[in-house]
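*Asks:* show me how the following folds:
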Amino acid sequence: MKSLLALSTFLLLGAAAAQEVQSKPFHLVITAAAKKTYNGQELAACHTGAAIESLCLAGTAGSEFYLNTTKGEEPAIKGEGLSGTLIWNLPYNGDEYESEPMSFYSDPSTNVAMLLFEPGYTQQEVFFDKTSQMAIYSYYNDAVTPPTDDEAKILKNWYLCETNFSGYTYTTLNWVLGNGKAKPQNPSCVKVQVQRKFV
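*Replies:* Residues are numbered from 1 along each chain as shown. Okay, the predicted model is just below:
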């Protein structure tokens, strides 16, 4: 019985891995920023803790990222991109690396969520729309009573803000929680768009 369970688990994990499709490498470039000096700058993974990185402004020295999607998946809105996991590869031991998924870190005291890459299974899916801008599909609407969760919409609540995580202070890419109508409580935040540029 144990060997049958182990075999079933192995086959399921193998099937799941076989379904994953990784994009070509790309850079993330800031556009449409109210602060003009941000426009054209690339984002890079920057050290924010042990095997934890946030997304920092990096001039023209951006990191390479990937989007992992699922084979056979359809976009939530026809003509738009597939939702998937944003990946950065953490190098170690010279030529080895650990693929780290991006997730949101939120603190109860703020509506500004940081984007963090770290080992593990927690992840926030994103997609790139028909103009190659990074976005998130959302189905949930609690601005009505009763709340609904049936119609996909596109959110782009990206902001560059001065942040502090574990004593590391940078200008990082963040997400303002909510339906796009809320303003960030962090006064340094500047609304931006994030463009994918293949390497």
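
*Asks:* name the element residue 174 belongs to?
*Replies:* strand 168-176 (DSSP states H and E).

*Asks:* for residue 154, same thing?
*Replies:* In this structure, residue 154 is located in strand 153-155 according to DSSP H and E.

*Asks:* which residues does that strand contact?
*Replies:* Under the contact criterion Cβ atoms under 8 Å, 6 or more residues apart in numbering, strand 153-155 has outside partners 77, 80, 129, 135-139, 141, 179-180. C-beta here means a position set from N, CA and C on the backbone, and glycine is covered the same way.

*Asks:* what do you get if the cut-off is 6 Å, keeping everything else the same?
*Replies:* Identification of contacts with strand 153-155 by Cβ atoms under 6 Å, 6 or more residues apart in numbering yields 135-136, 138, 180.

*Asks:* if you average pLDDT over it, what comes out?
*Replies:* Here strand 153-155 scores 96 as its mean pLDDT.

*Asks:* rewinding a little: the strand holding residue 174: how far from the chain's middle?
*Replies:* Centre-to-centre, strand 168-176 and its host chain are 13 Å apart (Cα atoms, centre = their mean, to the nearest Å).

*Asks:* next SSE downstream of the strand holding residue 154?
*Replies:* Counting by DSSP H and E, what follows strand 153-155 is strand 158-165.

*Asks:* may I see the buried residues of that next one?
*Replies:* For strand 158-165, burial by neighbour count (16 or more other Cβ atoms under 10 Å) applies to 158-161, 163, 165.

*Asks:* host element of residue 182?
*Replies:* With DSSP H and E as the test, residue 182 turns up in no helix or strand.

*Asks:* that one: neighbour count?
*Replies:* 12 (other Cβ atoms under 10 Å).

*Asks:* may I have stretch 120-131 exported as CSV, CA atoms only?
*Replies:* The C-alpha trace of stretch 120-131 is given here as CSV (Å, rounded to 0.1, in the frame of the first residue of the first chain):
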residue,chain,number,x,y,z
GLY,A,120,9.2,27.9,-1.1
TYR,A,121,5.8,27.3,-2.5
THR,A,122,4.2,30.7,-1.7
GLN,A,123,3.7,32.7,-4.9
GLN,A,124,1.6,35.5,-6.5
GLU,A,125,0.7,34.9,-10.1
VAL,A,126,1.1,37.7,-12.6
PHE,A,127,0.7,37.9,-16.4
PHE,A,128,1.8,40.2,-19.2
ASP,A,129,-1.0,41.9,-21.2
LYS,A,130,-1.1,42.4,-25.0
THR,A,131,1.2,45.5,-24.6
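
*Asks:* list the buried residues for that stretch?
*Replies:* Buried residues in stretch 120-131 (16+ other Cβ under 10 Å): 123-129.

*Asks:* go on, stretch 85-102?
*Replies:* So for stretch 85-102, counting by 16+ other Cβ under 10 Å, buried means 85-90, 100-102.
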